[in-house]
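Trainee: model the structure of this input:
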Amino acid sequence: MGFFRFFDLSQPQLNSEFDISFDLTIPQTPLSKPTLSITEQCKPSRIPLELIMMIMEAAYDEEDIESNKSLLRSLALVCRDWSLSAQMLLFRHISLDSESHYRSFAFATDKSSERGRVLGNAVYSMRASLDPNQPGHLSQLNFAEAVTRCQNLQELSIGLYGCVPPGDDVVGSPDTLRMRRPAPSFDEDAIALLRTGPSITTLRFSNWSENRQSITQLLGVWISLKSLVISGTPPELPSPISAPFPCALGKLRMNFQTSPSVDFLRWLLHNSGDTLRALEFEREPSTAVLHHLIHSHHDTLTSLSLPSCSRATARVLDKCTSLRNIFVEDAISFPVALKKLSPRVEHIGFGLNKETSMQTVLEAVKTNEFLQVVTVNLRNGGKVHRQLPSLKMTCALRGIRLRITDDVRVFRGIVRGEYMP
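Mentor: Here you go, the predicted structure:
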């Protein structure tokens, strides 16, 4: 009988009623609050050093080194993790003017410590003053030793001053008097030590002495130079005359009251025929020197900066077919130069006073398809020039960037690429 066969129906029947009840509720148990042990609590995490460095780099202003020093000194005192990163930026640009400066620098860049080697390798540029007239002046040997501690050094600026008898040094003496003072040549030990140092790419040498051979000594040390800035006393050919300077320079800037000889420039630029791109003069060079340089390098020159431009110079500028940047500080002669320039010029800079003829400039801004930037240095009434609004309007309509300043230092910084507003 299927399911019922499992029951014995022959037994007497019993009371089949039962009291059955079901409790379907779920028993409630008190919830326990989660607890964290001391070891499970969150610990403060450190900011990665890479991120710290990125923040400091963002705050670092290459155009205002003095403000950087104050900021970075404060950052170096925040904590131990920040200290080395801030000091690396502090040591990016170093200035040495005395023996006490050298001793402090030597202590900080001690090669026997890891920190010292890191700080020494952080130096990108160095400025050194070799002035025997100053108490506790920096010696040639210690200067050379400081350079060797900076294996990543790229830019080196040296100021060389002549000697005067004690008591005869007059503060504020004219440049012509300072340049008549004798100065010793670099001794052999210092030159030998410099040769073991870094391969710099930029040398700035200001010579305020009668010694005309110092620059050729230094040029014999660094055959890796790409940029050279020389000022003060005009240099002479090495004596005895040596093989031409082996470097292929890309940039040359000069600032002399009297131009160096054409023979010296031939010696200096013998291997730069295919590489010289930028030529800058802070003072008026001799006609012979300027025309020699333009004739010799017109095929490669892309940037030219002049204090003024005569009609004779303007006539040779049409040879510079690769010229892309032209800057003339003088407010009168720039229109003369502009007429002879390549139509592919991208950046022009000039001085503007109330007498400057602007018609040629406005015509160039309107018609030159390659022009991208115009930089103007306002001088002697240039702010009220009647055609300055026309220049602003024309540049705006053409989408040409117009930069205007009344500070010649800012203007020169733009010319050299050292100032980017």
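Trainee: got the residue ranges for the helices in the stretch 201-350 of the chain?
Mentor: 214-219, 262-268, 287-297, 311-317, 334-338 (DSSP state H, counting those that start in this stretch).
Trainee: residues in contact with the second one: which ones?
Mentor: Spelled out, it's helix 262-268. Outside helix 262-268, the residues that touch it by CB atoms under 8 Å, 6 or more residues apart in numbering are 219, 228, 234-238, 241, 244-245, 249, 252, 288-289, 292-293. Just so you know, the C-beta spots here come from the backbone N, C-alpha and C atoms, and that holds for glycine as well.
Trainee: just put the helices of the stretch 201-350 of the chain in CSV and tack on distance to Arg403 and mean pLDDT.
Mentor: Below are the helices of the stretch 201-350 of the chain laid out as CSV (distance: least, CB to CB, whole Å; pLDDT from 0 to 100):
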stretch, distance to Arg403, mean pLDDT
helix 214-219, 34, 92
helix 262-268, 32, 95
helix 287-297, 26, 92
helix 311-317, 23, 83
helix 334-338, 15, 80
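Trainee: show me what contacts the closest residue to Glu369 other than its chain neighbours?
Mentor: Nearest residue to Glu369 in three dimensions, chain neighbours excluded: Pro343, at 7.8 Å (CB to CB, 6 or more residues apart in numbering). The contact partners of Pro343, by CB under 8 Å, 6+ apart, come to 368-370.
Trainee: on that earlier part again, quick one: buried ones out of the contacts of helix 262-268?
Mentor: Buried subset of the contacts of helix 262-268 (neighbour count, 16 or more other CB atoms under 10 Å): 219, 228, 234-235, 237-238, 245, 249, 252, 289, 292-293.
Trainee: lowest average confidence across helices and strands of the protein, where is it?
Mentor: Lowest mean confidence among the helices and strands of the chain (mean pLDDT, DSSP states H and E): helix 175-178, at a mean of 53.
Trainee: and Ala248, how far is that from Glu57?
Mentor: 32 Å (CB to CB, to the nearest Å).
Trainee: which one's more surrounded, those two?
Mentor: Between Ala248 and Glu57, Ala248 has the larger neighbour count (other CB atoms under 10 Å), namely 16 against 10.
Trainee: ok, and the closest non-adjacent residue to that one?
Mentor: Leaving out its chain neighbours, the residue that sits closest to Ala248 by CB to CB, 6+ apart is Thr275, at 4.2 Å.
Trainee: one more: Ser322?
Mentor: Sequence neighbours aside, Thr302 is the residue nearest to Ser322 in space, at 5.5 Å (criterion: CB to CB, 6+ apart).
Trainee: residues contacting the one you found?
Mentor: 277-278, 322-325.
Trainee: where does this protein have low pLDDT?
Mentor: When residues are selected by pLDDT under 70, those of the chain lie in 1-45, 49, 55, 58-68, 70, 75, 77-78, 81, 164-180, 417-421.
Trainee: what about 50?
Mentor: Counting by pLDDT under 50, the chain contains low-confidence ranges at 1-16, 18, 20, 22, 419-421.
Trainee: measure stretch 373-392 end to end?
Mentor: With CA to CA, to the nearest Å as the measure, the ends of stretch 373-392 fall 12 Å from one another.
Trainee: Arg123: neighbour count?
Mentor: For the record, residue 123 is Val, not Arg. Neighbours of Val123 (other CB under 10 Å): 24.
Trainee: scratch that, Arg283 is what I was asking about
Mentor: Counted with other CB under 10 Å, residues neighbouring Arg283 total 12.
Trainee: only alpha carbons, please: show stretch 99-119 as PDB.
Mentor: C-alpha atoms of stretch 99-119 as PDB (Å, rounded to 0.1, in the frame of the first residue of the first chain):
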ATOM      1  CA  GLU A  99      88.700  80.800   1.600                       C
ATOM      2  CA  SER A 100      86.000  80.600   4.300                       C
ATOM      3  CA  HIS A 101      83.400  79.900   1.500                       C
ATOM      4  CA  TYR A 102      85.700  77.200   0.200                       C
ATOM      5  CA  ARG A 103      86.200  75.500   3.600                       C
ATOM      6  CA  SER A 104      82.400  75.400   4.200                       C
ATOM      7  CA  PHE A 105      81.800  74.000   0.700                       C
ATOM      8  CA  ALA A 106      84.600  71.400   1.200                       C
ATOM      9  CA  PHE A 107      83.200  70.300   4.500                       C
ATOM     10  CA  ALA A 108      79.700  69.800   3.000                       C
ATOM     11  CA  THR A 109      81.000  67.900   0.000                       C
ATOM     12  CA  ASP A 110      83.400  65.600   1.800                       C
ATOM     13  CA  LYS A 111      84.000  62.800  -0.600                       C
ATOM     14  CA  SER A 112      84.400  60.300   2.200                       C
ATOM     15  CA  SER A 113      80.700  60.400   3.000                       C
ATOM     16  CA  GLU A 114      77.700  59.400   0.900                       C
ATOM     17  CA  ARG A 115      76.000  62.700   1.700                       C
ATOM     18  CA  GLY A 116      79.000  64.700   0.700                       C
ATOM     19  CA  ARG A 117      79.300  63.000  -2.700                       C
ATOM     20  CA  VAL A 118      75.600  63.500  -3.300                       C
ATOM     21  CA  LEU A 119      75.800  67.200  -2.600                       C
END
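Trainee: what about dumping the CA coordinates of stretch 232-245 to CSV?
Mentor: Taking Å, rounded to 0.1, in the frame of the first residue of the first chain, the C-alpha atoms of stretch 232-245 are listed here in CSV:
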residue,chain,number,x,y,z
GLY,A,232,86.9,92.6,-19.8
THR,A,233,90.4,92.6,-21.1
PRO,A,234,90.6,91.5,-24.8
PRO,A,235,92.5,88.2,-25.1
GLU,A,236,95.5,87.6,-27.3
LEU,A,237,96.8,84.6,-29.2
PRO,A,238,98.6,82.1,-27.0
SER,A,239,102.3,82.5,-26.8
PRO,A,240,103.9,80.6,-28.3
ILE,A,241,101.1,80.1,-30.9
SER,A,242,99.5,76.7,-30.4
ALA,A,243,97.1,74.6,-32.5
PRO,A,244,93.7,76.1,-32.9
PHE,A,245,91.1,75.8,-30.1
